[in-house]
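K.L.:
The following block contains a protein sequence and its predicted model.
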Amino acid sequence: MNEIAQSRLTFHDHTFFELTLPTATLFIDPVFSQSRRGRRVAGQVRSADYVLLTAATPWFDDALDVLDGCEATLVATPKLCRTVGRELGLEKKRQLDLEAWERASETGLRITALPISGSLGMEGSIDEGASILRDMTNIFPQSRSRLPLLGALTPLLQMGTQTGNRALGMFNSATQMRSFDRVNDMLGIDVTRMARGRSGLGFFFEIEGYPSVLHLADGVHAMTQDDDLEDIAEVCKPDILIVQAEGTDVEPVVRAARILEPKTVLLYRARDPYAQGGRAQTLPVGSFIAAIEEGAPNSEALHLRKGDSFLLERVAAAATAAAAASKPSGAQATAPTTK
């Protein structure tokens, strides 16, 4: 374990957050590689005590590089742990598989895994689905209204013709949701859940003597329901909330701040939206900050850019004890042997 004098959060790039504690160093969705002419070029990795994966991000190979280069323990879903275990021959003692709502503890640190639906899969899924529907309507140009499935999906097709996150903001309309319901009934599958994006884990860090940190990655977006956030709020009372700020809809992030009531909201971007041309419509991060200041005035919003660190200030022992006593006991718990 690393012995250091301070605790801090550092945003390195893309999805990579580093949580540096007096007793451990944690990498969350680490990224060390570079993209050169469309190809991945591996970079020099550093060691950590834990590598936490919210999902199989586009930089998944970087996590493998870290785990292969040091003795870090992997913290992820059972499925991801199995995948990494097969890929690297990772020993079971270096795998900490957590289902949503499960907890793991070691001295001075407790981690709770929380269910999230990431936004990264949405745009691609919409574009792909819209492309298929356009092909079908080209084959049956006069029959859209007579084919029940196409009729039900017509509003989604119209939505899919829009680009980027402008389309995602339309999910909340009654017309879109009725269309989803009709497709659910016809196909017997939960299209709504599919459209919400690929499932993953957020992580809640309770650190002895320091503020608590809730990392929801890209799990707050137009399809995030109030019920999802309220379920998390029943288990977590975060001092600091980390969330990705993407798209043209600030309302979901404001809702998250209002429901979860953090003292500080740290906003980041996993990609440069302005490097993608017209397909990457997004608002400046300042718009998200202003919306939080207005809609959740008890929370301070900050923008973490590449290389920025946020210092975790020590809290009084009495305050830590009071916070621990107020924690609800609704979540499942696990106490595996860790490093």
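P.N.:
All right, it came through fine.
K.L.:
looking at this structure, which helix or strand is least sure?
P.N.:
Within the chain, no helix or strand scores below helix 165-168, which has a mean of 38 by mean pLDDT, DSSP states H and E.
K.L.:
how much space between the spatially closest residue to residue 254 that is not a sequence neighbour and residue 221?
P.N.:
Closest residue to residue 254 apart from its sequence neighbours, by C-beta to C-beta, 6 or more residues apart in numbering: residue 295 at 3.9 Å. All C-beta spots, glycine's among them, are computed from the backbone N, C-alpha and C. Separation of residue 295 from residue 221 (C-beta to C-beta, to the nearest Å): 16 Å.
K.L.:
more crowded one of these two?
P.N.:
residue 221 (26 against 15; other C-beta atoms under 10 Å).
K.L.:
Can you give me the domain boundaries for this protein?
P.N.:
7-119+197-325, 120-195 (automatic domain parsing).
K.L.:
among the ones you listed, which is the most enclosed?
P.N.:
Greatest average neighbour count among these goes to domain 7-119+197-325 (a mean of 18), per mean count of other C-beta atoms under 10 Å.
K.L.:
picking up where we left off before, need the contact list for the residue nearest to residue 254.
P.N.:
Applying C-beta atoms under 8 Å, 6 or more residues apart in numbering to residue 295 gives the contacts 254, 257, 258.
K.L.:
ok, back up a step: ranked by average pLDDT, which of the domains of the chain falls at the bottom?
P.N.:
Mean pLDDT across these is lowest at domain 120-195; the value there is a mean of 46.
K.L.:
how long is stretch 35-49 from one end to the other?
P.N.:
26 Å (C-alpha to C-alpha, to the nearest Å).
K.L.:
any residues touching it, and which ones?
P.N.:
Against stretch 35-49 from outside (C-beta under 8 Å, 6+ apart): 1-2, 18, 24-27, 30, 32-34, 61-62, 65-66, 69-73, 339.
K.L.:
Identify the residue spatially nearest to residue 96, adjacent ones excluded.
P.N.:
Nearest one to residue 96, counting by C-beta to C-beta, 6+ apart, is residue 75 at 4.7 Å.
K.L.:
Confirm residue 252 sits in a helix?
P.N.:
Yes. Using DSSP: H, G, I helix; E, B strand; the rest coil, the assignment for residue 252 is a helix.
K.L.:
ok, residue 304 touching residue 269?
P.N.:
No. Applying C-beta atoms under 8 Å, one finds residue 304 not in contact with residue 269, separated by 9.1 Å.
K.L.:
ok, back up a step: from the contacts of residue 295, which is closest to residue 265?
P.N.:
For the contacts of residue 295, the minimum distance to residue 265 (C-beta to C-beta) is 5.4 Å, reached by residue 257.
K.L.:
and the gap between the nearest residue to the closest one once chain neighbours are set aside and residue 234?
P.N.:
Excluding its sequence neighbours, the residue lying closest to residue 257 (C-beta to C-beta, 6+ apart) is residue 296, at 3.6 Å. Separation of residue 296 from residue 234 (C-beta to C-beta): 18 Å.
K.L.:
Likewise for residue 268?
P.N.:
Residue 268 is 26 Å from residue 234, by C-beta to C-beta.
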